[in-house]
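S.K.: With the input below, show me the fold.
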Amino acid sequence: MSDPDLMTRLLAAAKPHVPFDGWSEATLRAAADDAGIAPGLVAAVCPRGAVDLALAYHEEGDRTMLARLQETDLGALRFRDRVAFAVRARLEAVEDRELVRRGMTLFSLPPYAADGARAVWRTCDCIWTALGDTSDDVNWYTKRATLSAVYGATVLYWLGDGSEGHARTWAFLDRRIEDVMQIEKLKAQARDNRMLAGLMAGPFSGVLSRIRAPQGAQHTGMPGRWNGPK
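M.R.: Here you go, the predicted structure:
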């Protein structure tokens with residue numbers, strides 16, 4: 001297990017280098033030198049090298065977002081506005097957009113694309129869990145998949161947004177969440193439709209009922225478990 005204090009020191013030392021060298025081995029070496037951390041210890045906390053440093057930075061942003069959600073009274077907000085607030089809090093946890101831009105460059109590379117997808121999935125899982133989601137079936141997946149799409153699109157828009165206070169980004173986010181709410185409304189109408197309800201109760205219900213959210217040690221990344229026959 002990596003030492004969180006060492007990782008914190010590495011991250012703090014790395015951030016000034018990332019805008020110039022990206023989340024690269026050059027940045028990792030420079031950060032280690034600046035922080036006075038021996039190469040053996042660097043290898044212990046970042047066994048995969050710079051990609052572990054980039055992932056640690058993403059997780060740091062998730063923790064900052066969760067701390068803000070915990071200290072904010074969201075009770076007066078509509079649920080859709082709570083989700084928007086959480087996504088906004090996650091983006092506002094970023095001190096320099098170039099760190100995120102460089103991260104997206106890294107995670108667009110084929111060897112690291114799955115790492116990037118898992119990082120976004122975990123962020124959306126953190127949001128849903130913080131907002132009180134208790135689903136344990138297929139809805140656990142659909143909620144996180146939908147929010148992952150919204151979050152990813154919003155990050156891309158935010159990276160290019162030069163409006164004051166990122167006003168255009170927050171308007172874009174509201175529109176994306178409104179789109180999701182319309183989908184949820186259509187799903188509810190489909191459930192109320194007797195013909196569709198009968199169809200779903202037939203060939204699909206047995207399959208969907210066996211899908212469960214990951215539990216315990218499984219709950220570390222993307223999807224989960226199947227309770228069907230082995």
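
S.K.: tell me the secondary structure for residue 161?
M.R.: coil (DSSP: H, G, I helix; E, B strand; the rest coil).

S.K.: Which helix or which strand is home to residue 116?
M.R.: In this assignment (DSSP states H and E), residue 116 forms part of helix 113-130.

S.K.: Tell me the buried residues in that helix?
M.R.: The neighbour-count check on helix 113-130 (16 or more other Cβ atoms under 10 Å) flags 115-116, 118-128, 130 as buried. Where C-beta positions appear, they are placed from N, C-alpha and C, glycine not excepted.

S.K.: From residue 94, how far off is residue 155?
M.R.: As defined by Cβ to Cβ, to the nearest Å, residue 155 lies at a distance of 9 Å from residue 94.

S.K.: and for those two, which residues touch both?
M.R.: Common contacts of residue 155 and residue 94, defined by Cβ atoms under 8 Å, 6 or more residues apart in numbering, comprise residue 100.

S.K.: and the chain, what are its domains?
M.R.: 1-47, 51-186 (automatic domain parsing).

S.K.: can you give me the offset of the shortest one from its chain's centre?
M.R.: This means domain 1-47. Offset of domain 1-47 from its chain centre (Cα atoms, centre = their mean, to the nearest Å): 22 Å.

S.K.: quick check: mean pLDDT across that domain?
M.R.: Averaging pLDDT along domain 1-47 yields 93.

S.K.: So, low pLDDT: which residues of this protein?
M.R.: 1-4, 184, 186-212, 215-230 (pLDDT under 70).

S.K.: rerun that using 50 as the cut-off
M.R.: For the chain, the stretches flagged by pLDDT under 50 are 1, 217-218, 224-230.

S.K.: How about residues contacting stretch 71-78?
M.R.: Contacts for stretch 71-78 (Cβ under 8 Å, 6+ apart): 82, 85, 89, 131.

S.K.: repeat for stretch 5-23
M.R.: 26-28, 30-32, 34-35, 37, 41-42, 44-46, 50-51, 53-54, 56-57, 60, 95-96, 98-99, 102-103, 105-106.

S.K.: Buried residues, stretch 141-156. List them.
M.R.: Neighbour counts over stretch 141-156 (16+ other Cβ under 10 Å) mark 141, 143, 144, 146, 147, 148, 150, 151, 152, 154, 155 as buried.

S.K.: oh sorry, the question was meant for stretch 177-185
M.R.: Here stretch 177-185 shows 177, 180 as buried, counting by 16+ other Cβ under 10 Å.
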